[in-house]
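Visitor: build me a model from this:
(one chain, ligands or ions: 1)
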Amino acid sequence: MDWFEREKKSLIQFYRRQKVVFVKGKGCWLYDENGKKYLDLVAGIAVVAIGHSNEKFVEKVSEQLKKLVHTSNLYYTIPQIKLAEKLKEITKMDKFFFCNSGTESVEAALKISRKVTGKKKFVAFENSFHGRTMGALSITYKEKFRKPFEPLLKPVEFAKFNDVEDLRSKVDNDTAAIIIEPVQGEAGVYVASKELIGEIFDLKDRYGFLVIFDEVQTGFGRTGKWFGKDNFGVQPDIMTMAKAMGNGFPIGCVGVKDSVAEKLEVSEHASTFGGNPLACTAALAAIEVIEEQNLVENSAKVGEYFKNRLNEIKFVENARGLGLMIGAKVNVDAEDVVKRALSSGLIVNNTDERNLRFVPPLILSKEEVDYAIDILSNLN
Ligand SMILES: Cc1ncc(COP(=O)(O)O)c(C=O)c1O
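Guide: Below you'll find the predicted structure:
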């Protein structure tokens with residue numbers, strides 16, 4: 001059975017896929033249709049934080065699946081309320097809205113910013129990635145992604161990442177929000193500077209816009225802290241989340257401060273599926289496992305070890321990042337490394353021709369890091 005041919009005939013060709021068909025996973029490992037195993041250092045793009053087929057996760061989601069999947073938000077459901085309470089504790093935000101993906105959480109954040117401030121302009125950063133729906137796309141930097149779909153949302157300005165002067169020149173009295181990834185993910189793992197984050201909050205005091213932290217990729221322990229913001233000791237007005245939140249079960253979320261929530265009214269935003277009992281149960285189970293297994297600490301510890309070991313590899317110029325969100329500049333063809341690693345049973349990802357990205361499950365052990373380094377060092 002040729003799955004590659006069948007895919008080509010029946011799916012819109014939006015994706016450039018690696019030539020492998022995965023059929024199951026356990027922990028940090030994936031298995032293809034021939035039973036070959038692979039160490040997964042991509043985790044579905046920073047999603048499967050507690051690993052594949054975690055027992056507690058499977059049990060809790062299965063239980064809920066048998067009980068109740070969906071009712072819509074015309075009614076109250078318990079997992080949604082419990083999840084919001086849990087998020088309050090770990091994010092320190094006050095109120096939440098649930099959706100189904102990262103890009104939807106960004107859409108909600110943009111709408112909320114305009115409504116609450118009565119202003120129009122968004123300031124994002126060069127090399128940002130916030131999603132593919134029209135609003136999120138408007139604040140995503142890559143011209144190639146945006147161009148075919150113009151006209152997009154306006155006004156939007158892109159400031160140079162980590163350039164305080166440039167940011168100052170882009171902000172004005174019509175600015176509704178600045179949106180930032182505390183660590184740029186799709187760009188190739190670049191950490192925001194403390195100066196930049198400090199300046200954003202100084203400018204906020206002066207102009208009265210809202211600060212949005214896009215934590216879709218950096219959330220839930222990825223950077224070695226619960227959230228990217230916690231590396232800077234700041235609290236944004238709005239936070240977007242998705243990816244690791246449901247460990248692969250689609251769920252997204254926007255968290256806001258009370259001062260923001262107070263200005264929002266019934267029917268200004270909604271989602272049919274958002275916050276359904278099954279998705280919220282998945283997220284609660286994922287968060288519970290992150291807590292029980294101290295995965296935030298593991299991300300910090302194993303991430304540091306991984307970064308150091310990557311720097312030992314001959315073709316790695318430098319490895320950077322926070323926790324288990326790591327980018328590595330290489331002096332060989334990164335795409336070629338990805339392909340050769342895959343055939344040696346190692347799943348890695350590249351963000352451009354010279355940069356590899358590692359966003360593995362947060363349960364990754366030092367032994368698994370050694371296994372990966374062994375393969376990477378001996379690629380032929
Ligand atoms: C920072 C950030 N925001 C938003 C998104 C979009 O999320 P989704 O693909 O779930 O729509 C991504 C996806 O990579 C992301 O990294």
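Visitor: how far does stretch 281-301 sit from the chain's center?
Guide: Here stretch 281-301 is found 15 Å from its chain centre; the criterion is CA atoms, centre = their mean, to the nearest Å.
Visitor: ramachandran angles for residue 71?
Guide: phi -130, psi -10 (degrees, to the nearest 10).
Visitor: and the closest residue to it other than its chain neighbours, what pLDDT?
Guide: Closest residue to residue 71 apart from its sequence neighbours, by CB to CB, 6 or more residues apart in numbering: residue 77 at 5.7 Å. C-beta coordinates here come from the backbone N, C-alpha and C atoms, glycine included. With respect to pLDDT, residue 77 scores 98.
Visitor: again with the one 5 residues further on
Guide: Per-residue pLDDT puts residue 82 at 98.
Visitor: now swap in the one 4 residues further on and tell me
Guide: At residue 86 the predicted local distance difference test score is 98.
Visitor: now do the contacts for it.
Guide: By CB atoms under 8 Å, 6 or more residues apart in numbering, the contact set of residue 86 is 284, 287.
Visitor: for it, give its distance to the ligand.
Guide: Distance, residue 86 to the ligand, by CB to the nearest ligand atom, to the nearest Å: 20 Å.
Visitor: next one: that residue from residue 290, what distance?
Guide: Residue 86 sits 11 Å away from residue 290, taking CB to CB, to the nearest Å as the criterion.
Visitor: returning to that earlier point: identify the residues contacting the residue nearest to residue 71.
Guide: 68, 71, 275, 276, 277, 280.
Visitor: state the distance from the nearest residue to residue 134 once chain neighbours are set aside to residue 50.
Guide: Using CB to CB, 6+ apart and skipping the chain neighbours, the partner closest in space to residue 134 is residue 152 (6.2 Å). Distance of residue 152 to residue 50, computed by CB to CB: 36 Å.
Visitor: which of those two has more neighbours?
Guide: More neighbours surround residue 50 than the other of residue 152 and residue 50, with 27 against 15 (other CB atoms under 10 Å).
Visitor: can you check the pLDDT for that one?
Guide: Listed pLDDT for residue 50 reads 98.
Visitor: same question for the one 4 residues further on.
Guide: Listed pLDDT for residue 54 reads 98.
Visitor: and the residue lying closest to it once chain neighbours are set aside, what does it touch?
Guide: Leaving aside its chain neighbours, residue 54 sits nearest to residue 289 (5.8 Å; criterion: CB to CB, 6+ apart). Shown in contact with residue 289 (CB under 8 Å, 6+ apart): 50, 54, 56, 57, 247, 295.
Visitor: likewise residue 319?
Guide: Residue 319 neighbours (CB under 8 Å, 6+ apart): 306, 307, 308, 310, 311, 326, 327, 328, 329.
Visitor: relative to the helix or strand hosting it, what are the paired strands and their orientations?
Guide: Residue 319 belongs to strand 316-322 when assigned by DSSP states H and E. Sheet pairing of strand 316-322 (DSSP bridges) gives strand 325-330 (antiparallel).
Visitor: surely residue 162 meets residue 194?
Guide: No. The criterion here is CB atoms under 8 Å, and residue 162 misses it with residue 194 at 10.0 Å.
Visitor: how close does the residue nearest to residue 134 get to residue 138?
Guide: Distance from residue 152 to residue 138, by CB to CB: 4 Å.
Visitor: residues that sit against both of the two, list them.
Guide: With CB under 8 Å, 6+ apart as the test, residue 152 and residue 138 both reach residue 146.
Visitor: all helices for the stretch 101-250 of the chain, in order.
Guide: Ranges of helices within the stretch 101-250 of the chain are 102-117, 134-138, 143-146, 164-170, 194-207, based on DSSP state H, counting those that start in this stretch.
Visitor: okay, these, which one's buried deepest?
Guide: Burial of those is given as mean neighbour count (mean count of other CB atoms under 10 Å); helix 102-117 ranks first at a mean of 24.
Visitor: same question for that helix, mean pLDDT?
Guide: Here the average pLDDT along helix 102-117 is 98.
Visitor: what does stretch 241-258 give?
Guide: In this model, stretch 241-258 has a mean pLDDT of 98.
Visitor: quick one: is that stretch near the ligand?
Guide: Yes. Using CB under 6 Å from any ligand atom, stretch 241-258 comes into contact with the ligand via residue 242.
Visitor: nearest to the ligand, of the helices of the stretch 101-250 of the chain?
Guide: Minimum separation from the ligand across these (CB to the nearest ligand atom) falls at helix 102-117, 2.2 Å.
Visitor: contacts for the closest one, please.
Guide: Here helix 102-117 makes contact (CB under 8 Å, 6+ apart) with 97, 99, 119-120, 122, 130-133, 135-136, 139, 153, 176-177, 179, 208-210, 212, 214, 216-217, 238, 240-243, 252-254, 256, 260, 263-264, 268-269, 271, 274.
Visitor: of these, keep whichever come out buried.
Guide: 97, 99, 119, 122, 130-133, 135-136, 139, 153, 176-177, 179, 209-210, 212, 214, 216-217, 238, 240-243, 252-254, 256, 260, 269, 271, 274 (16 or more other CB atoms under 10 Å).
Visitor: surely residue 247 touches residue 53?
Guide: No. Between residue 247 and residue 53 there is no contact under CB under 8 Å: 10.1 Å.
Visitor: which one of these two is surrounded by more residues?
Guide: Legend: neighbour count by other CB under 10 Å for residue 247 and residue 53, higher for residue 247 (27 against 13).
Visitor: got the contact list for the more buried one?
Guide: By CB under 8 Å, 6+ apart, the contact set of residue 247 is 47, 48, 49, 50, 54, 57, 282, 283, 285, 286, 289.
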